[in-house]
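Participant: missing the sequence, but the structure's below:
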């Protein structure tokens, strides 16, 4: 099962056992919205990429995560698996 299939299984599980909204990075892969919708969940975007620096929008991402409702599911891309090629630093 690929990443897409894995996400579908995960979101179906979430819908069934702990329905929650999903925060998705902006940008993300186009199929993520369809997978979340097909599982019957709602999504909201959080800032990830900062075009001015071609880097991580740390302040925007941090603020979105801090202001998320308890129980919100956050879709974080693993290293080098996001469409921007930007990864957070170890720090």
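Facilitator: Received, thanks. Predicted model, so just to flag it, every value in this text is computed and none were measured. Numbering: from 1, shown residues only.
Participant: any weak-confidence spans in this protein?
Facilitator: Counting by pLDDT under 70, the chain shows low-confidence ranges at 1, 79-80, 90-91.
Participant: Show me the strands in it, by range?
Facilitator: Here the chain has its strands, by DSSP state E, at 22-26, 43-47, 49-50, 55-56, 73-75.
Participant: max-length helix in this protein?
Facilitator: In the chain, with assignment by DSSP state H, the single longest helix is helix 3-17.
Participant: just to revisit the earlier point, of the strands of the chain, which stretch is the most buried?
Facilitator: Stretch with highest mean neighbour count among these: strand 22-26 (a mean of 20; mean count of other Cβ atoms under 10 Å). Placement of C-beta: from N, CA and C, glycine included.
Participant: which neighbours does that one have in its sheet, and in what orientation?
Facilitator: strand 43-47 (parallel), strand 73-75 (parallel) (DSSP bridges).
Participant: if we can go back for a sec, packing partners of the longest helix of the chain?
Facilitator: helix 31-38 (3 or more Cβ pairs under 8 Å, 6 or more residues apart in numbering; DSSP states H and E).
Participant: Return the distance of the helix it packs on from the chain's centre.
Facilitator: On the basis of Cα atoms, centre = their mean, to the nearest Å, helix 31-38 sits 11 Å off its chain's mean C-alpha point.
Participant: buried ones in that helix?
Facilitator: Residues of helix 31-38 classed as buried: 32, 35-36 (neighbour count, 16 or more other Cβ atoms under 10 Å).
Participant: out of those residues, which one sits closest to residue 21?
Facilitator: residue 36 (9.5 Å; Cβ to Cβ).
Participant: can you list contacts of the longest helix of the chain?
Facilitator: Applying Cβ atoms under 8 Å, 6 or more residues apart in numbering, the contact partners of helix 3-17 are 1, 20, 22, 31-32, 35-36, 38-41, 73, 75, 81.
Participant: All good on my end, thank you.
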